[in-house]
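[1] A predicted structure for the sequence below; I have some questions about it.
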Amino acid sequence: MEAAEETRAAQGVVSGLIRISAPMSLGLKVLPDILSRFATLHPQIQVALNLSDGFVDIIEQDYDLAIRISGPPGDKSTIWRKICKVPRLLVAAPGYLAKRGTPEGPDDLVDHACLAYGPEAREETWELSSGTSRRSQRARGSFCANNGDVLRRLALNGEGIALLPRFIVAEDLEKGRLVEVLPDWSVPELWLTLYYPPYDRLPLRVATFSEFFEQEVETASLV
C-alpha cells in the first residue's frame, strides 16, 4: 500500500482513506469547514470521521489519526504532535449572574452552581491560579456532563458557571450571551494534539492531512 501511495504521489496524486477520531465539540464546530477545504484540494482522499468525547484506543480500533484536546500526552504507545494551546475560561449567562451575583474570587464559587465536565460525567475539580495564588474548587451543582456543547447550552439557559474551551463559547461571548467569570484567574493549559499509531513513517495521506489541519487551525478561533 505504501509503495502504491508513493507511486501516486510521484504522479501528483494523493489518495486513500483516513480514519480519524476527534472530540465531539471540535468535530461539530471546527472540522466541517476544514474538511470541506481539504476535499477541494485532495478529492481522492476519503475521510471517515468518528466523534467521541471518550478515550479512543487508536491502535486497537484501527484509526490513522486521533485529534485530542487534553493535558500533556501520557500515552507511550502512540506518537503525537502538539498543534496549539486551547485556552479555557469560566463563563456564565448575564441573567444567572444578575440573580446569583458575580464571584469576586475562587472561594466565592462554593455558593454557585458549577457545571462540571468529566469523561464519565463525574464531579470536576477546577484548579485556578493568579500570579502565585492557587485555589482548588470542586465544581458542584445540579448538572455534570461529558460534552462541552451540553454544558454551553446549560450555561446559556442560566443553570450555572461552566469551564469551557474558548472556541466553544467564542460567539456567545462576542454577542453577550455569555460573559467571562473571574478573568484574572487561569486554569491549566490544554493542547490540541494529533496522535498517531506507531508508524515507522507517516503514510502520505495522513501526513498531507496533518499538515493541512495544522495550517487551518491557526484561523479556526481555537486561541
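    Happy to help now that I have it.
[2] For Gly95, grab phi and psi.
    phi -60, psi -40 (degrees, to the nearest 10).
[3] do the same with Val217
    According to degrees, to the nearest 10, the main-chain angles of Val217 amount to phi -70, psi -20.
[4] Run through the residues that contact it.
    Taking CB atoms under 8 Å, 6 or more residues apart in numbering as the contact definition, Val217 lies against 30, 34, 83-84, 192. Any C-beta I mention is one placed from the backbone N, CA and C, and that applies to glycine too.
[5] how close does Glu216 sit to Leu164?
    Distance of Glu216 to Leu164, computed by CB to CB, to the nearest Å: 22 Å.
[6] the more surrounded of these two?
    Summary of the neighbour comparison: Glu216 and Leu164, criterion other CB atoms under 10 Å, with Leu164 having more neighbours (21 against 16).
[7] That one is in contact with Leu151, isn't it?
    Yes. Look at Leu164 against Leu151 with CB atoms under 8 Å: they come within range, at 6.2 Å.
[8] any residues in contact with both of the two?
    Overlap of the contact sets of Leu164 and Leu151 (by CB under 8 Å, 6+ apart) consists of Tyr117.
[9] Just to be sure, which of the contacts of Val217 are found in strands?
    Judged by DSSP state E, strands contain the following of those: 83-84, 192.
[10] pLDDT score for the spatially most central residue of the chain?
    Most central residue of the chain, judged by C-alpha distance to the mean C-alpha position with CA atoms, centre = their mean, is Ile69 at 4.1 Å. If you check Ile69, the pLDDT there is 92.
[11] helices and strands around the strand or helix carrying Arg37, which ones?
    With elements taken from DSSP states H and E, the one containing Arg37 is helix 31-41. Contact analysis of helix 31-41 by 3 or more CB pairs under 8 Å, 6 or more residues apart in numbering; DSSP states H and E lists strand 45-51, helix 204-217 as its packing neighbours.
[12] who wins for proximity to Leu156 among the ones you listed?
    Counting by CB to CB, Leu156 lies closest to strand 45-51 out of the helices and strands packed on helix 31-41; the figure is 21.3 Å.
[13] residues of that closest one that come out buried?
    Taking 16 or more other CB atoms under 10 Å as the basis for neighbour counts, the residues of strand 45-51 that come out buried are 45, 47.
[14] What ranges does this protein have for its strands?
    Along the chain, the stretches classed as strands by DSSP E are 16-22, 45-51, 65-70, 79-86, 88-92, 114-117, 124-130, 133-139, 144-145, 161-165, 179-181, 190-196.
[15] Turn the ones you listed into CSV, columns for distance to Ala155.
    Formatted as CSV, the entries for the strands of the chain read as follows, by distance: least, CB to CB, whole Å:
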stretch, distance to Ala155
strand 16-22, 23
strand 45-51, 21
strand 65-70, 18
strand 79-86, 18
strand 88-92, 6
strand 114-117, 6
strand 124-130, 14
strand 133-139, 12
strand 144-145, 11
strand 161-165, 4
strand 179-181, 10
strand 190-196, 18
